[in-house]
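Chemist: Just a sequence and a predicted model for now, questions to come.
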Amino acid sequence: MAVVVDDLNLWWLACESFVGLTMLFLLLYWHGHWQLRIGLRFQREHDRLVGKGRVNSVFFQFYISMVLLAAVHLGEIFLWGLSIFFLGLQDSLRGALLLAGSTYTTVGFEADTMPAGWTFYPIFIAVSGLFSFAWTTARMMGMSDLSRQAFFQKHKIPVEM
């Protein structure tokens, strides 16, 4: 027996929320795992290259790390799109990926065409994107600081605190 409040089926909302929160948890875990690995890889390469006096290579490693972080986001959009497609919420994988990408980036260029009962699912996708982009920005700021230190070392600029 479903409880309906103001045209909202609370039982279905609970089911949709369970699926959305499960995906949100899994993808934030995925994001954190890869972000940590990419960040540690960059820090290890930074220390190794600065130790060898190859400061210009630090900048190249920084850009590689940025591309890898972007690839993590693209992977998350792909996984959200797969979930939309395999749940039968979109007729085509292309449509599911476009909806996932539009919602994840919170740009909203794709019309929300979710079937009845799944209208809140895109909210979980958007929250995932907001948290992931903020997390990546914080990671990039830390990596930028290491790149800045390498730049100062290369040009023999004293680092002021």
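Modeler: Looks like it came in fine. Numbering: from 1, shown residues only.

Chemist: Please report how far residue 103 lies from residue 83.
Modeler: From residue 103 across to residue 83, the span is 12 Å (C-beta to C-beta, to the nearest Å). Any C-beta I mention is one placed from the backbone N, CA and C, and that applies to glycine too.

Chemist: of those two, who's got more company?
Modeler: Legend: neighbour count by other C-beta atoms under 10 Å for residue 103 and residue 83, higher for residue 103 (27 against 21).

Chemist: ok now do the more buried one, which residues does it touch?
Modeler: By C-beta atoms under 8 Å, 6 or more residues apart in numbering, the contact list for residue 103 reads 80, 110, 112, 122, 125, 126, 129.

Chemist: show me the contacts for residue 95.
Modeler: Here residue 95 is in contact with residue 113 (C-beta under 8 Å, 6+ apart).

Chemist: That one in helix, strand or coil?
Modeler: With DSSP: H, G, I helix; E, B strand; the rest coil as the basis, residue 95 sits in helix.

Chemist: Am I right that residue 150 is in contact with residue 51?
Modeler: No - applying C-beta atoms under 8 Å as the test, residue 150 and residue 51 come out as separate, 11.1 Å apart.

Chemist: quick one, which of the two is more surrounded?
Modeler: It is residue 150, of residue 150 and residue 51, that has more neighbours when counted by other C-beta under 10 Å, with 21 against 8.

Chemist: Check the gap between that one and residue 53 for me.
Modeler: Remark: distance between residue 150 and residue 53 (C-beta to C-beta) = 11 Å.

Chemist: do residue 114 as well
Modeler: Taking C-beta to C-beta, one finds residue 114 at 55 Å from residue 53.

Chemist: Show me which of the two is the more surrounded one.
Modeler: Legend: neighbour count by other C-beta under 10 Å for residue 114 and residue 53, higher for residue 114 (18 against 10).

Chemist: Which other helices and strands does the longest helix seen in the chain contact?
Modeler: As assigned by DSSP state H, the longest helix anywhere in the chain is helix 10-51. If contacts are counted by 3 or more C-beta pairs under 8 Å, 6 or more residues apart in numbering; DSSP states H and E, helix 10-51 sits against helix 55-86, helix 121-154.

Chemist: mind checking pLDDT for the nearest residue to residue 158 once chain neighbours are set aside?
Modeler: Of all residues not flanking residue 158 in the chain, residue 152 sits nearest, at 7.5 Å (C-beta to C-beta, 6 or more residues apart in numbering). Looking at residue 152, its pLDDT stands at 80.
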